[in-house]
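Enquirer: any chance you could fold what I've pasted below:
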Amino acid sequence: MAIIKVCDRNDTGKYVLTVKNASGVKTVAVDVKVLDAPGPCTDTIKISPVTEEKCTVSWKIPLEDGGDPVTHYIAERRETSRLNWVVAETECKTLSCVITRLIKNNEYIFRVRGVNKYGPGVPLESEPVIARNAYTIPSPPGAPEITAVGKEHAIIEWLKPESDGGSEIKNYLVDKREKKSVRWTRVNKDYTIYDTRLKIASLLEGSNYQFRVAAVNAAGNRQPNEASEHHIHYFKWNYFYFNFSYSIADTPAPPSVPRVTDTTKHSISLAWTRPMYDGGADVAGYILEMLEERTEQWYRAHHLAIIILSHSSTSLQKQCHFLEDCLDLGKLPRKYLKVEEVVKQLLTPGNMTLQLVKASLILES
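Expert: From the prediction side, this is the model:
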């Protein structure tokens, strides 16, 4: 009988036993398996993805199980500036685990050891990693511009950030405040904004407002961008009807409910009928808006609103059409023609009548 008093898993293997006496020599091979705690996990520890708060650690099973199957694993972490290890997972049954409660921008080392009935095995350590996001906060979007206003609403637009920080922009935060106030109020508390255009309702007529926008991705958001100009509010549309006599036309009745006439993978075709009442003037065009499911914000499906100015002459029988982007006020000149000046430019000698639909943008400050 041979007794090895001190041994560990490294003594596992094939031994050759040789017996010798006066009659000769006898040799036999013996497989010896030392019962012990597991050896280190195979290969290296992989850490991905890493954020400023958590990371996912994964590994492979040990090559040596110590003569008994591995039942679970222990995962630990240590800041490189400290010596003590902190247990992050005491009984992980799989080959990966999520380690949380990391401190932003701190450097960590992780280690994993298998456990069988003989105890915890030899640990395998990872390379140092820094707890920070693979992406950064996006750059500020462009300063918002007021492109259209109404009695109780305003439409603002802004440019996308130059950089999304490596993560998709998932929301825009829009704030507003009155000129006499120092406190900003969040506009979209209860809904998400994906577009770079927003209609802001419930404004007070005659008040001056300022707006600002911040972009949000998975890393968070920076301070809002440069605010819009303070004094822009408000504009007002005036509607007139001319036949060399001055009268005010009414707004048209609503058209019929749109119906779907055709659909493709990337588009949808709609049709509707004219309003029953045109308000005393020909309908100049239509504005189509759409609402995304499970949201409350309407978006304009097209960018152009059309002003149609037409006149007819008994001698020329001529029609002229003038198209302007009425809603993009940032592109219009700051000085607007009065209605009378528009009329004078359209009139030519002869007996004619003039009809003006959606005329004269008048600035009220």
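
Enquirer: quick one: residues contacting Phe110.
Expert: Applying CB atoms under 8 Å, 6 or more residues apart in numbering to Phe110 gives the contacts 45, 47, 57, 75-78, 88, 99, 125-126, 129. (C-beta placed from N, C-alpha, C; glycine too.)

Enquirer: mind redoing it with 6 Å?
Expert: 57, 77, 126 (CB atoms under 6 Å, 6 or more residues apart in numbering).

Enquirer: I'd like to know which of the residues you listed is nearest to Lys26.
Expert: Closest to Lys26 out of the contacts of Phe110 is Ser126 (50.2 Å), distances taken as CB to CB.

Enquirer: that closest one and Asp43 touch, don't they?
Expert: No: between Ser126 and Asp43 there is no contact, the gap being 11.4 Å when judged by CB atoms under 6 Å.

Enquirer: who's more crowded, the two?
Expert: Ser126 (18 against 11; other CB atoms under 10 Å).

Enquirer: tell me how far that one lies from Thr42.
Expert: Distance of Ser126 to Thr42, given as CB to CB, to the nearest Å: 14 Å.

Enquirer: go on, Glu178?
Expert: Distance of Glu178 to Thr42, given as CB to CB: 66 Å.

Enquirer: alpha carbons of stretch 84-104, as CSV, please.
Expert: C-alpha atoms of stretch 84-104 as CSV (Å, rounded to 0.1, in the frame of the first residue of the first chain):
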residue,chain,number,x,y,z
ASN,A,84,-10.4,43.9,-0.1
TRP,A,85,-12.8,41.9,-2.2
VAL,A,86,-16.5,42.3,-2.1
VAL,A,87,-18.9,39.4,-2.9
ALA,A,88,-21.2,40.4,-5.7
GLU,A,89,-22.9,37.1,-6.2
THR,A,90,-22.8,34.3,-3.7
GLU,A,91,-24.6,31.5,-5.5
CYS,A,92,-24.7,31.9,-9.3
LYS,A,93,-26.1,28.8,-11.0
THR,A,94,-25.2,30.0,-14.6
LEU,A,95,-22.0,31.0,-16.4
SER,A,96,-22.7,34.7,-16.2
CYS,A,97,-24.1,37.3,-13.8
VAL,A,98,-24.9,41.0,-13.7
ILE,A,99,-22.9,43.0,-11.1
THR,A,100,-24.5,46.2,-10.0
ARG,A,101,-23.8,49.1,-7.6
LEU,A,102,-20.7,50.2,-9.4
ILE,A,103,-19.4,53.7,-8.9
LYS,A,104,-19.1,55.9,-12.0
